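Colleague: Fold the following and give me the result.
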Amino acid sequence: MSILNMELFGGVTLLHVIIGAVALIFSMKIWDLVFRTKTADQEKQYEAARCSCGWSGRVSKFTRTCPKCNNEIVRG
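Modeller: Now for the predicted structure:
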């Protein structure tokens, strides 16, 4: 137990660092749980598209032009 009370710098012990790391990981997991649904909803906004110039990729449902050549795109 004495290794956890070892002072690293300015009164901060190894135990403080470990507790801080665990709290950081826990808060990151909570953040992911809270904001995961918003990113899933954003993915529904995008769909596959291809263009006569050969470009293919994912674009917004509201995009009607190719990002490469600026021509009309074909869905799917």
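
Colleague: got the domain boundaries for the chain?
Modeller: Domain assignment for the chain, taken from automatic domain parsing, gives 1-44, 45-76.

Colleague: could you give the mean pLDDT of the helix or strand hosting V17?
Modeller: For V17, the element it lies in under DSSP states H and E is helix 14-43. Mean pLDDT, computed over helix 14-43, is 84.

Colleague: That one: what's the following helix or strand?
Modeller: strand 46-50.

Colleague: partner strands of that following strand, parallel or antiparallel?
Modeller: Paired neighbours of strand 46-50 in the sheet (DSSP bridges): strand 56-60 (antiparallel), strand 74-75 (antiparallel).

Colleague: and the ones you listed, which is most packed in?
Modeller: For those, average neighbour numbers computed from mean count of other C-beta atoms under 10 Å are highest in strand 56-60, which has a mean of 14. Quick note: C-beta positions are derived from backbone N, CA and C, even for glycine.

Colleague: quick one: it to helix 14-43, angle?
Modeller: Strand 56-60 and helix 14-43 meet at an angle of 90 degrees, taking axes from the mean of the first three to the mean of the last three C-alpha atoms, to 10 degrees as the criterion.

Colleague: Now do strand 56-60: everything it contacts.
Modeller: Q45, Y46, E47, A48, A49, R50, P67, I73 (C-beta atoms under 8 Å, 6 or more residues apart in numbering).

Colleague: Out of the strands paired with strand 46-50, which gets nearest to V17?
Modeller: Ranking the strands paired with strand 46-50 by proximity to V17 (C-beta to C-beta) places strand 56-60 first, at 41.8 Å.

Colleague: how far out from the middle of the chain is that closest one?
Modeller: On the basis of C-alpha atoms, centre = their mean, to the nearest Å, strand 56-60 sits 19 Å off its chain's mean C-alpha point.

Colleague: now swap in stretch 21-37 and tell me
Modeller: 12 Å.

Colleague: sorry, back to before: redo the strands paired with strand 46-50 as a markdown table? Include mean pLDDT and distance to L8.
Modeller: Shown next, in a markdown table, are the strands paired with strand 46-50 (pLDDT from 0 to 100; distance: least, C-beta to C-beta, whole Å):
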| stretch | mean pLDDT | distance to L8 |
| --- | --- | --- |
| strand 56-60 | 85 | 47 |
| strand 74-75 | 68 | 58 |
